[in-house]
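Asker: Make a model of this:
(one chain, ligands or ions: 2)
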Amino acid sequence: MNEQRLIKEISRLKRKKNAVLLVHNYQRPEIYKVGDFVGDSLELSRKAAETKAKIIVFCGVDFMAESAKILNPRKKVLLPTFEAKCPMAAMVTAEELLKERRKLEKRYGKNNVAVVCYINTTAEVKAFSDICCTSSNAVKVVNSLKEKNILFVPDKNLGDYVSRFTDKRIIPWKGFCYVHARFLKEQVRRAKKLHPHAIVLAHPESPREVIDESHIVCSTSQMIDFAKKSHLKEFIVLTEAGMIERLKLEVPNKKFYTPGIICTQQKKNNLQNVYNCLKNETNEVNVAERVRIKAKRALDRMLKIK
Ligand code: 13P
Ligand code: SF4
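Answerer: Numbering: from 1, shown residues only. Ligands and ions are numbered 1, 2, ... in the order given. Below you'll find the model as predicted:
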């Protein structure tokens, strides 16, 4: 089937089956066209928590679909391909987390340690965390806690970024996003010279030296908001390259530059596998109930923070 036909068929199946398509900003632009909502991790979690649809097709990566399932145990959550797996989410296991938590509790006291997990984690890791966070609310989440010592998993760069805006002791894990880790300060400096009127927007998964060369640090959807509201016309965008397509669509009268680094896992979804999974109701995401109940606490606690 060609693109037009696939789009038509997916739209028809969505109506017939009462399905909703939630799409992360990094997805292929043709997938935006069939999406009911396109957004960042926090917005997508909120949408997943609110939806009345019977089926959720999650066009993103594994942990996003899993989060939707944790919030909606009675709904069918489908991931177009199980190859869409975030490597950073695999950088901490529940066993490793528990071991580290116990060590810290011995050192600082049980009541003075909390675990904050980035949403880019498995359901098991969420189950052993006190609260979840995303790139758009990590600082707020950490500052909402009463504990002084915060074990922050798995992204060391986001943990480091948060540590600049809190008086808590952040104990970062050693995980990272391979896409954002590829940005270098020299590259940002060169881009700034090449586009002297551009403002630099960086995602907080970027390394500190890159953050230090940037003007605004925010989540993917916050980049869209900023570009829309700003009087400036040019932006250097330091996040996954697909974000440029979103920005061009949402803010068509401005210019965006990217170093062009792609997250191959986010691009594993395409119109064909979206169609296949919706038609056959395959690739269902499931989470064991005892894990789900505990993981939900960490997600619900985050969603309460406005
Ligand atoms: P946000 O869209 O929440 O900023 O996250 C980016 C990301 O890397 C998700 O995998
Ligand atoms: Fe994971 Fe990075 Fe890809 Fe986001 S961009 S899904 S954090 S590997």
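Asker: residues in the stretch 201-306 of the chain within reach of ligand 1, list them.
Answerer: 203, 205, 219, 220 (Cβ under 6 Å from any ligand atom). Any C-beta I mention is one placed from the backbone N, CA and C, and that applies to glycine too.
Asker: please redo it, this time with the cut-off set to 8 Å
Answerer: 203, 205, 218, 219, 220, 221, 222, 239, 240, 263, 266 (Cβ under 8 Å from any ligand atom).
Asker: Including neighbour count and pLDDT, could those residues go into a markdown table?
Answerer: Compiled in a markdown table, these are given as follows (neighbours: other Cβ atoms under 10 Å; pLDDT from 0 to 100):
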| residue | neighbour count | pLDDT |
| --- | --- | --- |
| 203 | 28 | 98 |
| 205 | 29 | 98 |
| 218 | 19 | 97 |
| 219 | 23 | 97 |
| 220 | 27 | 97 |
| 221 | 23 | 97 |
| 222 | 17 | 97 |
| 239 | 28 | 97 |
| 240 | 23 | 97 |
| 263 | 22 | 98 |
| 266 | 21 | 97 |
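Asker: tell me which of the residues you listed is nearest to residue 123?
Answerer: Ranked by distance to residue 123 (Cβ to Cβ), these are led by residue 266 at 19.5 Å.
Asker: For the closest one, what are phi and psi?
Answerer: phi -70, psi -30 (degrees, to the nearest 10).
Asker: Leaving out sequence neighbours, find the closest residue to it.
Answerer: residue 26 (4.2 Å; Cβ to Cβ, 6 or more residues apart in numbering).
Asker: shouldn't the one you found be in contact with residue 263?
Answerer: Yes: with contact defined as Cβ atoms under 8 Å, residue 26 reaches residue 263; the gap is 5.8 Å.
Asker: So for residue 45, what pLDDT did the model give?
Answerer: Listed pLDDT for residue 45 reads 91.
Asker: returning to that earlier point: got the residues of the stretch 201-306 of the chain next to ligand 1 as TSV, with secondary structure columns?
Answerer: Output for those, formatted as TSV (DSSP: H, G, I helix; E, B strand; the rest coil):
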residue	secondary structure
203	coil
205	coil
218	coil
219	coil
220	helix
221	helix
222	helix
239	coil
240	coil
263	coil
266	helix
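Asker: Intersect the residues you listed with the contacts of ligand 2.
Answerer: 205, 239, 240, 263, 266.
Asker: can you give me the strands for the stretch 51-200 of the chain?
Answerer: Along the stretch 51-200 of the chain, the segments classed as strands by DSSP state E, counting those that start in this stretch run 55-59, 76-78, 113-118, 131-133, 149-153, 169-172, 199-202.
Asker: coming back round to it: quickly list what's touching both of residue 26 and residue 263.
Answerer: Counting by Cβ atoms under 8 Å, 6 or more residues apart in numbering, the contacts common to residue 26 and residue 263 are 240, 242.
Asker: quick one, what contacts residue 45?
Answerer: 64, 67, 68, 71, 119, 134, 299, 302, 303.
Asker: what's the closest of those to residue 81?
Answerer: residue 64 (13.2 Å).
Asker: quick one: that closest one and residue 23 touch, right?
Answerer: No: in this structure residue 64 lies outside contact range of residue 23 using Cβ under 8 Å: 10.0 Å.
Asker: okay, and the common contacts of the two?
Answerer: By Cβ under 8 Å, 6+ apart, the residues touching both residue 64 and residue 23 are residue 44.
Asker: Quick one: name the residues of this structure near ligand 2.
Answerer: Residues of the chain lying near ligand 2 (Cβ under 8 Å from any ligand atom): 26, 60-61, 86-89, 120, 155, 177-180, 205, 239-240, 263, 265-266.
Asker: On the pLDDT front, check residue 1 for me.
Answerer: 86.
Asker: where exactly do the helices run in the protein?
Answerer: Assignment of helices within the chain using DSSP state H yields the ranges 3-17, 29-32, 41-50, 62-71, 94-108, 123-127, 138-143, 156-163, 185-194, 208-211, 220-229, 243-250, 271-280, 289-304.
Asker: Return the residues in contact with whatever residue of the stretch 51-200 of the chain ends up closest to ligand 1.
Answerer: Going by Cβ to the nearest ligand atom, ligand 1 is nearest to residue 135 of the stretch 51-200 of the chain, at 3.8 Å. By Cβ under 8 Å, 6+ apart, the residues touching residue 135 are 40, 41, 42, 118, 158, 203, 204, 205, 218, 219, 220.
Asker: Would you quantify the distance from the first one to ligand 1?
Answerer: Right, residue 40. 3 Å (Cβ to the nearest ligand atom, to the nearest Å).
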